[in-house]
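# only the shape, not the letters, is given here:
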C-alpha cells in the first residue's frame, strides 16, 4: 500500500526541516505583499472582495475617448480603433462608494469637466470622486474650479525624452507641474500612476517615485502592463520584455525598490489574490498579459440618450 506524505513530512523523512526548502526571496516577497495596503483608488471597489464571484470596477463617468497623448500601451486608443470605446455618460449604479472620471481618454480635454464634476458632487454627495488624468492639461486656474477627493496622474518616465517616446507627446514639464499642483494640495489624495513595462521603464520607476515624492505626492499606484493586440508591435519596438512583464515576482521586486521613496501600492484586485498564495507559488506566479480589447462591464445609466 502506498503511503502518501505531505511535502513537510517528506522533507523531515529526508532529514531536512521544511523551512530550509523555502526560497528566502519568496518569503520576503510574501511579507512585503502582506504588509502592503490597497491603493487608495481601489478602496470601495468590488475587485478587492474575494467573496464576489463577478466583481466590476467601481462606477465611472466617461467624458470622451479622445486624448492628447498616444501612449504605446494605451487600452483606450485600442478601444477607439476597434469601435468599442464607451459613449459619454455615467456607468454605474445608485449610492456608489467611489466614481472615477474617467477610465477612457483624457477627461480634461472635455469642456464639460467642471460641469460634470459639480453634477457628480451634487448627485452623489457621499461618493469619493477620483480624477484619472495624464495631467498635461491641469493648470492652477483649472484646479481651482475642480472638486475631487483623489487625483491619479499618469507618469511612466523620469525624463522628457523617455516620456516623449512612451506618450508621443512633448508634455513632460506640464505633467510634472500637475504633480506639483496636486502634491501641494493636502485636501486631496495625490497619486502617481505608473505602468510597469520591463525593458522600457523598469529602471525609471524608482526615479519617478523619488521625483513624485519630492513634489509632495502621497502615493504611487504601480500597475502591471496589459498588452492589447493592437499595441503589440509598438511595445515590441520600444523594447518590452514580454517574459518579465508576465512575472508577478518582477512586479513586486520593483515595488520593493520603490518603497524607500514613496508609499507604493499595486492594483488591489491583484493584491488580494497574491495574499492568498504561499511564498513559493507567489514567487513563480505569472500573469496573462495579453488581451484583445478592454470592455466596460457596467451599464450606462445616465444619460441614456
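Perfect, thanks for sending it. Please read these numbers as outputs of a predicted model, since none were measured by experiment.

# quick one: low-confidence parts of the stretch 51-200 of the chain?
Judged against pLDDT under 70, the stretch 51-200 of the chain has no low-scoring part.

# strands of that one, start to end?
Along the stretch 51-200 of the chain, counting by DSSP state E, counting those that start in this stretch, strands occupy 60-62, 89-91, 98-101, 128-133, 150-154, 189-196.

# report all helices and strands that whatever helix or strand residue 282 lives in contacts.
Here residue 282 sits within helix 279-284, counting by DSSP states H and E. Secondary-structure packing of helix 279-284 (3 or more CB pairs under 8 Å, 6 or more residues apart in numbering; DSSP states H and E): helix 24-35, helix 248-258. (C-beta placed from N, C-alpha, C; glycine too.)

# highest average neighbour count across the ones you listed?
helix 248-258 (a mean of 20; mean count of other CB atoms under 10 Å).

# can you give the strand pairings for the helix or strand just after that one, parallel or anti for each?
Next along the chain after helix 248-258, taking DSSP H and E as the criterion, comes strand 263-266. Using DSSP bridges, strand 263-266 pairs in its sheet with strand 219-224 (parallel).

# which outside residues touch the strand it pairs with?
39-41, 152, 189-196, 205, 208-209, 212, 245, 251, 254-255, 258, 262-267, 270, 287, 289 (CB atoms under 8 Å, 6 or more residues apart in numbering).

# next one: stretch 29-40
For stretch 29-40, using CB under 8 Å, 6+ apart, the contacting residues are 48, 150, 189, 191, 218-219, 221, 249, 252-253, 255-256, 259, 263-268, 271-272, 274-275, 277-279, 282-283.

# quick check, central residue of this structure?
The centre of the chain sits closest to residue 223, judged by CA atoms, centre = their mean, with a distance of 3.9 Å.

# so residue 190 makes contact with residue 180?
No - if you go by CB atoms under 8 Å, residue 190 and residue 180 don't touch, sitting 9.9 Å apart.

# find residues that contact each of the two.
residue 216.

# neighbour-wise, which of the two wins?
residue 190 (24 against 19; other CB atoms under 10 Å).

# ok, that one to residue 171 distance?
Distance of residue 190 to residue 171, computed by CB to CB, to the nearest Å: 18 Å.

# just give the number of residues close to residue 275.
Neighbours of residue 275 (other CB under 10 Å): 13.

# and if you look at the one 4 residues further on?
A total of 18 residues lie near residue 279 under the criterion other CB under 10 Å.

# got a pLDDT number for it?
On pLDDT, residue 279 comes in at 92.

# what sits against residue 95?
So residue 95 contacts 124, 126, 127 (CB under 8 Å, 6+ apart).

# identify the residue nearest the second one in space, chain neighbours excluded?
Taking CB to CB, 6 or more residues apart in numbering, and ignoring the residues beside it in sequence, residue 126 has residue 95 as its nearest neighbour in space, at 7.3 Å.

# look up phi and psi at the one you found.
Note on residue 95: its backbone torsions stand at phi 50, psi 50 [degrees, to the nearest 10].

# quick check: chain neighbours aside, which residue is closest to residue 236?
That would be residue 242: by CB to CB, 6+ apart, it lies 7.8 Å from residue 236.

# hmm, the one you found is touching residue 288, no?
No - applying CB under 8 Å as the test, residue 242 and residue 288 come out as separate, 11.7 Å apart.

# and these two? Which one has more around it.
Using other CB under 10 Å, the more surrounded residue of residue 242 and residue 288 is residue 242, with 15 against 8.
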